[in-house]
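> next comes the sequence, and after it the predicted model I'd like to discuss.
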Amino acid sequence: MRREQALSTLARPGFQDALLAALALVVSLGYLIVTAADAGPIAVGQMVAAAAIGALTGLSLILRRERPILVVAVVVGAEFAAAVIFGGDPKGLTLFPACVAFYSVGRYLPARSGWPVGGVAALAYSYDVPPQITVVYAIVLIAIGQSVRARQELNRRKHIQTAAEAVHSERRRIARELHDVVAHHISVMNLLIGAARTTPDLDASHEALRRAEQAGRDAMTEMRGLLNVLRADDAEDKSSEDGAVGSPDSLDALVARARETGLPAELVIVGERRPLPSAVDLAVYRVVQESLTNVRKHGQGGRATVQLAYRSSALSVEIIDDAMSARRPATGGYGLAGMAERVALCGGMFEAGPRPQGGFRVFADFPLPAASGEETS
């Protein structure tokens, strides 16, 4: 725990800058001690002034992230003051702070301002020596800072792009859910209300209106379930909600509702039914739901067959109709795209297109864990 706290403290920018400032003070004091030992007795006033310069340049590094221009100006000004106090080339007093300042100019200023500021500061800093030396290492330090800045900016943009893609994916998922729920139930309600309006039989009209009312209730129930899924804080909550929608009983009820709306439909089960992963459960339900909706919309006069084939390590779902309508393309359309996305997210394979003998076929194959009792290799 203490180690983690220590690492967390070391990672703080403010703490790192304080360490740099302390290191600059140590370097400046070391330079003063070496200079005093080599030059013999030095006036006390010079030593005090030099110590003040070292302290000023060191402490200024604390602001290097927020005020890099101010820091490099302080370092250049300190170099002029040190030259007046000591004469000659007293760069040992400000060299370390200058290196940090030039790097900070490149790191925390954009290129359009970092390079001009750094160049002017480098020329001013090298006033008392051949400028080539100081300018070269200043350019190197600024270039290093710019490189780090560019890499961090690239990482930031990648993070933003990843976040935007996640938001876009979530929006598409929500739109797909809404499309599947609303389109199916509204199409059912439209057919039932239309039947109630046109039939002369009062009892049949009332029954159609009752079914339309029930379809509306079912839509509200699924919408509430969808909202609960979207509000869920973890995957477990989401899976439990999804499983309630895609349960085998609800699939039977889905096909039964299709028959009630006038679409001849049957559900054929091949193999022994068994519990499915929640994601596959929901995907199967939505594929069947959207396919039956499309048959009602485009397959006028057709019959629909929904077949679920359970195998040891896979489940295939096939929805076919024998309507002769050719209005449905093999690709395109939000419903088909949504089904393909659902199946792909479960690691499955999806096909949809017209049948050579007429009608339309939707097929999805989902990989499953091996059934209990089956040997796995």
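Everything's here; your move.
> now the strands: where do they sit in the protein?
265-270, 304-310, 314-321, 349-354, 360-367 (DSSP state E).
> which one of the ones you listed lies nearest to Glu213?
Nearest to Glu213, of all the strands of the chain, is strand 265-270, at 21.3 Å by C-beta to C-beta. C-beta here means a position set from N, CA and C on the backbone, and glycine is covered the same way.
> give me the contacts around that closest one.
The contact list for strand 265-270 (C-beta atoms under 8 Å, 6 or more residues apart in numbering) reads 251-252, 255, 258-259, 292, 295, 303-310.
> so where's the stretch 201-350 of the chain uncertain?
Across the stretch 201-350 of the chain, the ranges flagged by pLDDT under 70 are 221-249, 299-301, 324-334.
> now restrict the contacts of strand 265-270 to buried residues only.
In the contacts of strand 265-270, burial by neighbour count holds for Leu251, Val255, Ala258, Leu292, Val295, Ala304, Thr305, Val306, Leu308, Tyr310, counting by 16 or more other C-beta atoms under 10 Å.
> contacting residues for Arg342?
Arg176, Leu282, Ala283, Arg286, Val287.
> equivalent analysis for Leu10, please.
Counting by C-beta under 8 Å, 6+ apart, Leu10 makes contact with Gln16.
> ok, Gln16 next?
Here Gln16 is in contact with Leu10 (C-beta under 8 Å, 6+ apart).
> re earlier: now the buried ones among the contacts of strand 265-270 in a markdown table, with distance to Gln46?
Shown next, in a markdown table, are these (distance: C-beta to C-beta, whole Å):
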| residue | distance to Gln46 |
| --- | --- |
| Leu251 | 92 |
| Val255 | 97 |
| Ala258 | 97 |
| Leu292 | 94 |
| Val295 | 96 |
| Ala304 | 98 |
| Thr305 | 100 |
| Val306 | 96 |
| Leu308 | 93 |
| Tyr310 | 93 |
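> for Val105, see how far away Arg67 is.
Using C-beta to C-beta, to the nearest Å, Arg67 is found at 11 Å from Val105.
> out of these two, which sits in the more crowded spot?
Val105 (28 against 15; other C-beta atoms under 10 Å).
> what's around the nearest residue to the more buried one once chain neighbours are set aside, how many residues?
The spatially closest residue to Val105, leaving aside those adjacent along the chain, is Gly118, at 4.5 Å (C-beta to C-beta, 6 or more residues apart in numbering). Neighbours of Gly118 under the rule other C-beta under 10 Å: 28.
> pretty sure Gly118 is in contact with Val72, am I right?
Yes - using C-beta atoms under 8 Å, Gly118 is in contact with Val72, at 7.4 Å.
> which residues are in contact with each of these two?
Residues within reach of Gly118 and of Val72 at once, by C-beta under 8 Å, 6+ apart, are Phe102, Val105.
> among the contacts of Arg342, name the ones in helices.
Using DSSP state H, the subset of the contacts of Arg342 located in helices is Arg176, Leu282, Ala283, Arg286, Val287.
> turn the residues you listed into CSV, including distance to Arg274.
Below are the ones in helices among the contacts of Arg342 laid out as CSV (distance: C-beta to C-beta, whole Å):
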residue, distance to Arg274
Arg176, 27
Leu282, 16
Ala283, 16
Arg286, 20
Val287, 18
